[in-house]
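Q: Predicted model follows, preceded by the sequence.
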Amino acid sequence: MQVRLFKPSVGEAEIAAIREVFDRAWLGLGPTVGRFESEWSRYIGAEVSVGVNSGTAALHLALAAFNFPVGAKVLVPAITFVSTATAALYNRLEPVFVDVDPDTLGLDLDDLEKKITPECVAVMPVHFGGHPVPMDRLMAIARRHGLKVVEDCAHCAGGSYQGRKLGMWGDIGCFSFEEKKGMTTGDGGMICSNNPALVTPLRAHRWVGIDRDTWRRSSQYTAAEDDDALHWHYEVAVLGYKYNMNDLMAAIGLVQLAKLDRMNQRRAAIIARYLDGISGIQYLRPLLPYDLSGSAYWLFGVRCDARDQLILHLKRKGIATGVHYLPLPLHPLFNKHKEPVPTALRIWKQIVTLPLFADLTDEEVDYVIAGLRSFAT
Ligand SMILES: *Cc1c(COP(=O)(O)O)cnc(C)c1O
């Protein structure tokens, strides 16, 4: 048996949605993006959502929305995907690495308070693996120090904390619909907020700075009753990027969003099966303190002192594994950013990610569990 690490759950419904976009033959930024943004806003409880072509673009533009001065500092966790920190660099801001909580691998809020200086302007909590950062406590700290909060929700689409959706606690929430994530549009991302003044301008930033929708203008090109010869006109007032979502992505996204809760429930059921299957194995501990009520976990993994031997053992059995993540301060790109993060540097050597996706079968999960159980013997 071969078991993949991640696999998008896509099929006939997504193909039908793509076919509709083909029939309309408007594939780029168009009305379907607008529909997906509205549906997403309704689902997540946001006033405004802006669709972009990746989670990385979402994080870049989210920080850009605040117009922070060059060289200001942004607090990010030491263990996350590289985009959380490169979002700061793209904006000519400096990432400051905060250590992770030893249990949840989210921001260690005590270390966060220690690392805040007057130059810090924002903090980017990552709900690692789908486990929520305690946002009530984080928001209190951020408000006390005048920090803006951009939630990196790449791992937790659909998850909640204390009854409020993740992404709706901070000033801006950013999501990734990359193919491995909780729901996918191939590649894609979403920026959402309850502060329209803050994020509505990002519609131009994601569209090379253009302040009008091309698909809306194009309908006027041949409208006989339209006596405006300037239907082609737009103006560029801001430095934008080619970061727009397109109608093909949005069509897939609408179908995926409709099944997101079901996919999250299935992932939770798989995690429950894993936890049951590995309980009592001395040399393994679950990666996270999984709380399966109302959550949206994207990663299942374990902690093991003999992590690399375990990876090899599973590889020989056809079971894919990963490590999320090498702590960011260990990457050469961040050589200049050497804040102490002892917990991250200790724990990352023990963590291994195991297969988790909505279409994983019970049989496959049991095969992985058997592989884990046979490691010591
Ligand atoms: C995947 C991911 C991103 C980037 O999303 P893309 O859509 O791949 O650009 C950002 N942050 C975290 C924590 C991620 O896991």
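A: Ah, there it is.
Q: Quick check, the residue in the chain closest to the ligand?
A: Going by Cβ to the nearest ligand atom, the ligand is nearest to residue 55 of the chain, at 2.5 Å. All C-beta atoms are positioned from the backbone trio N, CA, C, and that covers glycine.
Q: Now the nearest residue to that residue once chain neighbours are set aside. Its backbone dihedrals?
A: Using Cβ to Cβ, 6 or more residues apart in numbering and skipping residues adjacent in sequence, the residue nearest residue 55 is residue 176, 2.6 Å away. Backbone geometry at residue 176, expressed as degrees, to the nearest 10, gives phi -120, psi 130.
Q: again with residue 129
A: phi 70, psi 0.
Q: For the residue nearest to it when sequence neighbours are not counted, give me the pLDDT.
A: Of all residues not flanking residue 129 in the chain, residue 299 sits nearest, at 3.5 Å (Cβ to Cβ, 6+ apart). At residue 299, the pLDDT value in this model is 98.
Q: ok now do residue 299, which residues does it touch?
A: Going by Cβ atoms under 8 Å, 6 or more residues apart in numbering, residue 299 touches 128, 129, 130, 155, 287, 288, 324, 353, 356.
Q: can you count the residues close to the fourth one?
A: By that I understand residue 155. Neighbour count of residue 155, defined by other Cβ atoms under 10 Å: 25.
Q: how close does the closest residue to it other than its chain neighbours sit to residue 51?
A: Computed as Cβ to Cβ, 6+ apart, the closest residue to residue 155 that is not its neighbour in sequence is residue 298, at 4.3 Å. Distance of residue 298 to residue 51, computed by Cβ to Cβ, to the nearest Å: 20 Å.
Q: before we move on, what about residue 352?
A: Applying Cβ to Cβ to residue 352 and residue 51 gives a distance of 34 Å.
Q: Show me which of the two is the more surrounded one.
A: residue 51 (30 against 20).
Q: Can you report phi and psi for the more buried one?
A: phi -80, psi 130.
Q: Show the contacting residues for it.
A: Taking Cβ under 8 Å, 6+ apart, we find residue 51 in contact with 33, 36-37, 40, 188-190, 206, 244-245, 249-250, 253.
Q: give me the beta-bridge partners of it?
A: residue 190 (DSSP bridges).
Q: Let me know the pLDDT of it.
A: On pLDDT, residue 51 comes in at 98.
Q: Bridging across strands, which residues link to residue 151?
A: Beta-bridge pairing for residue 151 (DSSP bridges): residue 173.
Q: isn't it right next to residue 169, touching?
A: Yes. The criterion here is Cβ atoms under 8 Å, and residue 151 meets it with residue 169 at 6.3 Å.
Q: Tell me how many other residues crowd the nearest residue to residue 163 once chain neighbours are set aside.
A: Of all residues not flanking residue 163 in the chain, residue 294 sits nearest, at 7.6 Å (Cβ to Cβ, 6+ apart). When neighbours are counted by other Cβ under 10 Å, residue 294 registers 15.
Q: can you pull the contacts of residue 294?
A: Contact analysis of residue 294 by Cβ under 8 Å, 6+ apart lists 159, 160, 163.
Q: which of the residues you listed tops the neighbour count?
A: Most surrounded of the contacts of residue 294: other Cβ under 10 Å gives residue 159, at 21 neighbours.
Q: Quick one: residues contacting that one.
A: When contacts are counted by Cβ under 8 Å, 6+ apart, residue 159 touches 127, 130, 132, 153, 165, 166, 264, 294, 295, 296, 297.
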